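> When you get a sec, could you give me coordinates for this:
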Amino acid sequence: MHHWVRANKGFLLFLMLFGIFRTAIADWNPIPSGSMRPNLLEGDVVFVNRLAYNVKLPLTDIVLARTGDPRRGDIVTFYSPQDGTRLIKRLIALPGDRVEMRNEELTINGQPSRYTALGNGVETIEHVGNLTSLQVREQTRDTSAHRIQILPQLDVPRDYGPVTVPADRYLMLGDNRDNSRDSRYIGLVPRELLIGRAVRVLASADIKGNWMPRAERFGMSLYEAQ
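You can find the predicted model right below:
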């Protein structure tokens, strides 16, 4: 064993440094589902800045220091408070915010969000089939606008709250509002479960079709211009 370690010490050092980099500095997150459509597609791989909110002890999730505050509108990777699954959603409400949703429309601290219709699309859901999606631009309070998707044909709850977000907790929603397991189902997310802020698409392939690269998505920012 000792001989093997000596013979492979360069490779082992690489693995250690790679682990430190991925768990403490930057990471990437493959998108396996359609919960963030239309902004993130199945087969996207996104770059995640792990230093956006916290500095963690390398190779652990122990927080050493806070580096910044999560902002409303951030796309965030985090561990589910329900079962520890790694998820990616949009941060919609901060500590102290009072949030409610009525017929898909969000109100934050008494201020209704504004919506602009963008057009229709098609989403295929297993055991359901092809559904017509409605894509709209949502302007929530003091954040930049972002696109969301609604599936009017699905029989799902369209109301939520009102809920006041407690200290060090965050409300996360998928942009694909009717096909996302988010804070409406798994609960509010504690700060210590945040992993990082997703920044842009690194690479993308059509994993639900022909597996061809989607070159037009390479390097794409996840945030609309201000």
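
> What segments of the protein are helices?
Ranges of helices within the chain are 2-7, 9-24, 183-186, based on DSSP state H.

> which residues are in contact with the last one?
It stands for helix 183-186. For helix 183-186, contacts defined as Cβ atoms under 8 Å, 6 or more residues apart in numbering pick out 80-83, 89, 92, 157, 160, 170-173, 189. All C-beta atoms are positioned from the backbone trio N, CA, C, and that covers glycine.

> Dump those residues into CSV; add pLDDT and neighbour count as well.
Listed next are the contacts of helix 183-186 as CSV, based on pLDDT from 0 to 100; neighbours: other Cβ atoms under 10 Å:
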residue, pLDDT, neighbour count
S80, 97, 19
P81, 96, 15
Q82, 95, 12
D83, 95, 7
K89, 98, 26
I92, 96, 26
P157, 91, 9
Y160, 96, 17
Y170, 98, 24
L171, 98, 25
M172, 98, 25
L173, 97, 24
V189, 98, 26
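
> need the helix or strand of this protein with the lowest average pLDDT.
helix 9-24 (a mean of 45; mean pLDDT, DSSP states H and E).

> What about the contacts of helix 183-186, which are in strands?
Assignment to strands by DSSP state E places the following of the contacts of helix 183-186 there: 89, 92, 160, 170-173, 189.

> which of the residues you listed lies closest to R214?
K89 (21.8 Å; Cβ to Cβ).

> partners of that closest one in the sheet?
Beta bridges link K89 to V76 when assigned by DSSP bridges.

> related to what we said a few turns ago, P70: which of the contacts of helix 183-186 is nearest?
Closest to P70, out of all of these and judged by Cβ to Cβ, is Y170, at 6.1 Å.

> got the contact list for that closest one?
70, 76, 91, 93-95, 183, 188-189, 191, 194.

> Same list (those residues) but as TSV, adding distance to A145.
As requested, the contacts of Y170 are exported to TSV (distance: Cβ to Cβ, whole Å):
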residue	distance to A145
P70	19
V76	18
L91	15
A93	17
L94	18
P95	23
S183	21
L188	24
V189	23
R191	26
L194	23
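
> For R200, see how far away N49 is.
The spacing between N49 and R200, counted by Cβ to Cβ, to the nearest Å, is 10 Å.

> likewise T164?
Between T164 and R200 the distance is 33 Å, computed by Cβ to Cβ.

> Looking at these two, which is more packed in?
Neighbour count, other Cβ atoms under 10 Å: between T164 and R200, R200 has more, with 17 against 13.

> R217 is in contact with that one, correct?
No. With contact defined as Cβ atoms under 8 Å, R200 does not count as touching R217 (9.6 Å).

> Look at the closest residue to S221 other than its chain neighbours and report its pLDDT.
Spatially, and ignoring its direct neighbours in sequence, S221 is nearest to R200 (5.0 Å; Cβ to Cβ, 6 or more residues apart in numbering). Per-residue confidence for R200 comes out at a pLDDT of 96.

> surely R72 meets P95?
No. If you go by Cβ under 8 Å, R72 and P95 don't touch, sitting 11.0 Å apart.

> that older thread, mind putting the contacts of helix 183-186 in TSV, distance to V45 included?
Listed next are those as TSV, based on distance: Cβ to Cβ, whole Å:
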residue	distance to V45
S80	20
P81	25
Q82	25
D83	23
K89	17
I92	24
P157	31
Y160	30
Y170	24
L171	26
M172	20
L173	22
V189	22
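
> can you tell me which of those lies nearest to S133?
Comparing the contacts of helix 183-186 against S133 with Cβ to Cβ places L173 closest, at 16.1 Å.

> measure that closest one to R197 for me?
Distance, L173 to R197, using Cβ to Cβ: 16 Å.
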